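# I'll drop the sequence and a predicted model, then ask my questions.
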Amino acid sequence: MNRKDTIILQTRINTILPTLNEHQRRIYLATEAKTIGPGGISLVSRLSGITCPTITAGIKELNNPAQNPPLPMGKSRKKGGGRKPLTKTQPNLLAALTDLVAPHTIGDPMQNNPQTNKSLRSLQKSLNQQGFQVSYRVVGVMLKQLGYDLQVNKNPYPRTSLLSRS
């Protein structure tokens, strides 16, 4: 493929790729690679920034349309695709988090927003010590699912600057 053809392909990829979803990108790039022939996968991968295995998967989808039926409208993955929630892969995780925050729950019991004074990182560390693989961000999401708010430690007597006094 000469330089002019490469520039044309690069322009086509840069123009079309941002408008496509994951599945459409895979199929489009696979079509471009098949059109080029030998060396097409690596060239398209280099120009698009999409990995060779992804383009190869697109070619397999193109070659076996019976095994890969069209996806429903608005979907870019087959049903069941993507990462499973941690509460499914680690079933006792939510119960362990509830046990950890229960002694540290504060707030008005009449209101529906209990708070905990444990930090996300300390909760994460405790869960990791129990054998769970979880990040502090996921701990925050799970606390929200449980209806918790994190306590914000506010000083009732804020410091005022000496310069602001008149």
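Alright, I've got the coordinates.
# show me the protein divided up by domain.
3-63, 86-150 (automatic domain parsing).
# just the mean pLDDT for the first one, thanks.
Across domain 3-63, the average pLDDT comes to 91.
# span of that domain from start to end?
In domain 3-63, first residue to last residue: 29 Å (CA to CA, to the nearest Å).
# circling back: export the domains of the chain to JSON lines and tack on mean neighbour count and distance to P70?
C-beta: built from backbone N, CA, C; applies to glycine. Below are these laid out as JSON lines (neighbours: other CB atoms under 10 Å; distance: least, CB to CB, whole Å):
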{"stretch": "domain 3-63", "mean neighbour count": "15", "distance to P70": "9"}
{"stretch": "domain 86-150", "mean neighbour count": "14", "distance to P70": "28"}
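# can I get the ones you listed in CSV with distance to M73?
Below are these laid out as CSV (distance: least, CB to CB, whole Å):
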stretch, distance to M73
domain 3-63, 11
domain 86-150, 27
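# from L43, how far off is the residue nearest to the spatial centre of the chain?
The residue lying closest to the centre of the chain (CA atoms, centre = their mean) is R83, at 8.7 Å. For R83, the distance to L43 equals 31 Å [CB to CB, to the nearest Å].
# nearest to P72, out of the domains of the chain?
Closest approach to P72 among those (CB to CB): domain 3-63, 10.8 Å.
# tell me the pLDDT of the nearest residue to M142 once chain neighbours are set aside.
Counting by CB to CB, 6 or more residues apart in numbering, M142 lies nearest to L97, which is 5.5 Å off, once chain neighbours are set aside. Note for L97: predicted pLDDT of 92.
# elements contacting the strand or helix carrying L43?
Using DSSP states H and E, L43 sits in helix 40-48. The contact analysis (3 or more CB pairs under 8 Å, 6 or more residues apart in numbering; DSSP states H and E) places helix 40-48 against helix 3-16, helix 22-36, helix 52-63.
# thank you, goodbye.
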